[in-house]
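Visitor: Got a predicted structure plus its sequence, pasted below:
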Number of protein chains: 2
Amino acid sequence: MVTINDIAKLSGVSRTTVSRVLNNSGYVSEKAKQRVVEVINETGYVPSEQAKSLRTKKSKVIGVILPKISTETSSRVVDGIDRELSNHGYHILLANANLDTDKEIEHFKLLQSRRVDGIILVATNIEERLIQTIKDVNVPVVALGQDVPGVSSVLYDDYHAAFDVTSLFIKRGHKRIGFIGVDETDRAVGYERKKAYFDAMEKARLNVDPAWVQKGVFDIESGEKAMLSMLADSTQAPTAIFAVTDRLAIGAMQALKKKGIKIPEEMSVMGIGASDLSKYVTPSLSTVDYYNEKAGTETAKLMIEHIKNITEMTRKLSMSYGLIIRDSLL
Amino acid sequence: MVTINDIAKLSGVSRTTVSRVLNNSGYVSEKAKQRVVEVINETGYVPSEQAKSLRTKKSKVIGVILPKISTETSSRVVDGIDRELSNHGYHILLANANLDTDKEIEHFKLLQSRRVDGIILVATNIEERLIQTIKDVNVPVVALGQDVPGVSSVLYDDYHAAFDVTSLFIKRGHKRIGFIGVDETDRAVGYERKKAYFDAMEKARLNVDPAWVQKGVFDIESGEKAMLSMLADSTQAPTAIFAVTDRLAIGAMQALKKKGIKIPEEMSVMGIGASDLSKYVTPSLSTVDYYNEKAGTETAKLMIEHIKNITEMTRKLSMSYGLIIRDSLL
DNA sequence: ACACGTTATGGAATCGATTACACATTATTT
DNA sequence: AAATAATGTGTAATCGATTCCATAACGTGT
């Protein structure tokens, strides 16, 4: 590997001068500069960011901790993050927590040891241990998707989105509305969306049969199971189903199809996420677009502001959302 | 930031001893060790991988260049890569080429400057410039998805997969089979799969109406367009459609639905990719599973072998595939 | 002719780790 | 008891860059 010293020797100057050429700083004569550039091109020298980082204490790398790599949401978010970061010369160091809080915490340590300039946490469940870990970290942390106390966060408006979905059903005349949620330890998806559903129902003075409220775990199969339980448990079936994610909604649709229940004639369905899937299932699924890519970009922007110390305080940014009305809705 | 020197001072030993404790190497008395560990825990010291890398010339980071981040294939592949790499203490530095060869080449330079231990290229089009760049790079490179000359590659068996799909149609009695491909500059997806289609047709002595052969660009919309062109251009429509990707196939299905052509009664459809989408469209799409995650894992394994110099020569690894027969097929 | 600002260059310290080597001290073998 | 081996620790060089500081040559205003 050719180093700055080699370039210095070959071009007959000191490594200080080479560094000046590299960074376009200080005084360098036109002649020296040309000679150095020449040698650099001949040798194919690429300066070591590592050595540079060690000295300057800036790595130009941002760690991104994901709950799971291969989900549509993750990949959209990462796309958005990268789009913004690469504009500022930053790279992404990936860390997959795989839905395991221990790993999440471990990744904070690992990313610190790599001296990343900041850490973006795409969050799910927020435990006390995690919050403590974040406090101990000495680089800026920005969270996406969950409101982490004391940490700048980019948030989806889960409450209002879920409220709007439920209200939409109500406005269309539905009185019996079922709900498929996830565990409430997930504050955003589990707790907030559920609360909004209940609030909307209560506001419209609509009754909620406990059997209409079911729980799944983020995949299609569990949505199917939840739907079947709902049909089995309730004396009177709902006429509409609000599932907190598209995959749960599509699972519910699978169950309904198998039961011969017509969508949307006998049952309306809505999800959240605007997944690719939602557009191409039959009937196409009404859903909520969370603009994940935009959310990623905003998170990255916030991170850069923190790094540049433009923003000192912790900020909370609420994303907007958009309802997408398709055929699954009567 | 607390450094190894601080730890040394606080525990009253030299930094050599601290390093020994850190790496569990050489001789250290039990007493000294305990003292050092104690101080480390008190201070929350995290060793700098950067400084370590500079000295040891190993960064334990692998650069991954993706053609596009937010695709199902990419995220599955990255998942597989990470699964294997993290087992060996490696991290992934992400680089998004966004379907731009210039960027791809630029990323090679950038990753080199970060002194990654290896580069995994998830490839699409292979240009001469790219091959030259790879040659100039001085770290191991492994390609995934395309056969890059002189570079170890993990390959999908595009030819046989496509041949099998076409043959399956033929075996089921189809005589007029349409093809929706992509540009042949993509050797694997564009060229190989097309060649296999023609070879299978020829082997069965079946005629191919030029209008049956259409081209799209990796998205659903273009699949739809290609299908409409095929119907418009051909005097006699095919009874089966082989699209080289699931998204193209689903686009074709959309077109057929709009035209009121029944799948599979009037037209059978197959794709390649085993996307989530393929399972939940109606009718469910028959396709080929390329086991992307496994491919990612294998690529990572190959990379590690190269880094450890277990494998000196360039190797070509061909992945297996599996046909998934679903409702879109008569 | 003197002082001073501008331009050009290099020496040497520094960032935070690893590691070769030297030097004690203690334990074991003969 | 002397020779040898095992154990424990520190000094200093090193990795590849940046950057502070010193020094020198040169022009120019007075």
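Guide: Nice, I can see it. Quick caveat: nothing in here was measured; it's all calculated off a predicted structure.
Visitor: Work out for me the element A:Thr133 sits within.
Guide: A:Thr133 is located in helix A:128-136, with elements delineated by DSSP states H and E.
Visitor: next SSE after that helix?
Guide: strand A:141-144.
Visitor: I figured A:Val2 hits A:Tyr45, correct?
Guide: Yes. A:Val2 lies in contact with A:Tyr45 (CB atoms under 8 Å); the separation is 4.8 Å. (Each C-beta comes from the backbone N, C-alpha and C, glycine too.)
Visitor: quick one on the thing from earlier: contact partners of the helix holding A:Thr133?
Guide: A:101, A:104-105, A:108, A:121, A:141, A:148-151, B:44 (CB atoms under 8 Å, 6 or more residues apart in numbering or on different chains).
Visitor: ok, the residues you listed vs DNA strand D, which is closest?
Guide: B:Gly44 (22.0 Å; CB to the nearest atom of the strand).
Visitor: Quick check: residues of the stretch 151-300 of chain A near chain B?
Guide: When proximity is defined by CB under 8 Å from any CB of the partner chain, the stretch 151-300 of chain A lies next to chain B at A:220, A:250, A:254, A:276-277, A:280-282, A:293.
Visitor: hang on, the earlier thing: which one of the contacts of helix A:128-136 is nearest to A:Val213?
Guide: A:Thr101 (26.2 Å; CB to CB).
Visitor: which one is that closest one nearest to, not counting chain neighbours?
Guide: Leaving aside its chain neighbours, A:Thr101 sits nearest to A:Glu127 (5.6 Å; criterion: CB to CB, 6 or more residues apart in numbering or on different chains).
Visitor: I'd say that neighbour and A:Asp100 touch.
Guide: No. If you go by CB under 8 Å, A:Glu127 and A:Asp100 don't touch, sitting 11.5 Å apart.
Visitor: what residue ranges in chain A are flagged as low confidence?
Guide: Residue ranges of chain A with pLDDT under 70: A:310-311.
Visitor: Domain ranges for it, per the record?
Guide: A:4-47, A:58-156+A:293-319, A:158-289 (automatic domain parsing).
Visitor: what about the second one and DNA strand C, touching?
Guide: No. On the criterion CB under 7 Å from any atom of the strand, domain A:58-156+A:293-319 is out of touch with DNA strand C, staying 7.9 Å away.
Visitor: Only the buried subset of the contacts of helix A:128-136, as a PyMOL command please.
Guide: To isolate the buried ones among the contacts of helix A:128-136 in PyMOL, judged by 16 or more other CB atoms under 10 Å in any protein chain shown, type:
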select buried, chain A and resi 101+104+105+108+121+141+148+151
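Visitor: Spatially, which residue comes closest to A:Lys257, not counting chain neighbours?
Guide: A:Ile263 (7.5 Å).
Visitor: For that neighbour, grab the count of nearby residues.
Guide: Residues contacting A:Ile263 under the criterion other CB atoms under 10 Å in any protein chain shown number 21.
Visitor: Could you pull up the residues touching it?
Guide: A:253, A:256-257, A:269, A:283, A:328.
Visitor: Strands along the stretch 201-330 of chain A, start to end?
Guide: A:213-216, A:240-243, A:268-270, A:287-289, A:316-318, A:322-324 (DSSP state E, counting those that start in this stretch).
Visitor: Mind giving me the packing neighbours of the third one?
Guide: Secondary structure elements in contact with strand A:268-270, counted by 3 or more CB pairs under 8 Å, 6 or more residues apart in numbering or on different chains; DSSP states H and E, are helix A:158-171, strand A:240-243, helix A:246-259.
Visitor: ok, the residue nearest to A:Leu330 when sequence neighbours are not counted - contacts?
Guide: The shortest distance from A:Leu330 to any residue other than its chain neighbours is 4.0 Å, reached at A:Pro264 (CB to CB, 6+ apart). Neighbouring residues of A:Pro264 by CB under 8 Å, 6+ apart: A:283, A:327-330.
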